[in-house]
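predicted model, plus sequence, below.
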Amino acid sequence: MTGQPDFATVTLDYIADRQCVELKSLKLYIWSFRNEGAFHEAVTNRILDDLVRTLAPRFMRVTAKFFVRGGIFTTVIAEHRKRGWKHAPAIMLPLVDEAASTRF
């Protein structure tokens with residue numbers, strides 16, 4: 001909105017239902033925001049809304065970590081859960097020291 005460039009790292013976590021997104025298509029879609037002036041929250045929510053409308057996932061979270069501007073970092077998280085969907089319990093795996101190939 002101010003004309004100043006913004007840079008962000010966008011992370012997409014999702015559990016597909018019947019469709020998934022091709023990585024190249026997703027990359028091109030994200031790049032489409034490159035020259036669009038918008039607020040951080042609006043961009044993050046629009047990405048979520050567009051992807052949920054297109055993919056109808058069981059679960060989706062978009063996390064956008066915007067780089068510092070004026071001394072302030074901005075992180076915006078938008079989330080969707082399909083009605084009735086419940087996540088499976090977390091599975092704790094043992095830590096592995098890859099260099100020594102040993103388990104702790």
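Looks like it arrived, so ask away.

helices along this protein, start to end?
With helices called from DSSP state H, the chain shows them at 23-31, 40-55.

relative to residue 70, which of these is closest?
Checking those against residue 70 by CB to CB gives helix 40-55 as the closest, at 12.6 Å. C-beta coordinates here come from the backbone N, C-alpha and C atoms, glycine included.

picking that back up, is it possible to get TSV of the helices of the chain that adds distance to residue 69, mean neighbour count and mean pLDDT?
What follows is the helices of the chain, written out as TSV (distance: least, CB to CB, whole Å; neighbours: other CB atoms under 10 Å; pLDDT from 0 to 100):
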stretch	distance to residue 69	mean neighbour count	mean pLDDT
helix 23-31	19	11	93
helix 40-55	9	16	94
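
redo these as JSON lines? Include distance to residue 73.
JSON lines is the format used below for these (distance: least, CB to CB, whole Å):
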{"stretch": "helix 23-31", "distance to residue 73": "20"}
{"stretch": "helix 40-55", "distance to residue 73": "10"}
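
between the ones you listed, which one is closest to residue 85.
Across the helices of the chain, closest to residue 85 is helix 40-55 (CB to CB), at 12.4 Å.

the strands in this protein, which residues?
Chain-ordered strands for the chain, with DSSP state E as the definition, fall at 8-15, 59-69, 72-81, 96-97, 102-103.

ranking the ones you listed by mean neighbour count, which comes first?
Looking across the strands of the chain with neighbours counted as mean count of other CB atoms under 10 Å, the highest average goes to strand 59-69: a mean of 17.

average pLDDT across that strand?
Per-residue pLDDT over strand 59-69 has a mean of 89.

which residues sit against that strand?
The contact list for strand 59-69 (CB atoms under 8 Å, 6 or more residues apart in numbering) reads 4, 6-15, 40, 43-44, 47-48, 51-52, 73-82, 85, 87.

tilt between that strand and helix 40-55?
Regarding strand 59-69 and helix 40-55, their directions subtend 150 degrees when assessed with axes from the mean of the first three to the mean of the last three CA atoms, to 10 degrees.

could you dump strand 59-69 to CSV, C-alpha only?
C-alpha atoms of strand 59-69 as CSV (Å, rounded to 0.1, in the frame of the first residue of the first chain):
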residue,chain,number,x,y,z
PHE,A,59,-6.8,-28.8,6.9
MET,A,60,-4.8,-25.9,5.7
ARG,A,61,-2.6,-23.3,7.4
VAL,A,62,-0.8,-20.4,5.7
THR,A,63,1.9,-18.7,7.7
ALA,A,64,3.4,-15.5,6.2
LYS,A,65,6.5,-14.2,8.0
PHE,A,66,7.1,-10.7,6.6
PHE,A,67,10.6,-9.1,6.9
VAL,A,68,11.2,-6.1,9.1
ARG,A,69,9.8,-2.8,8.1
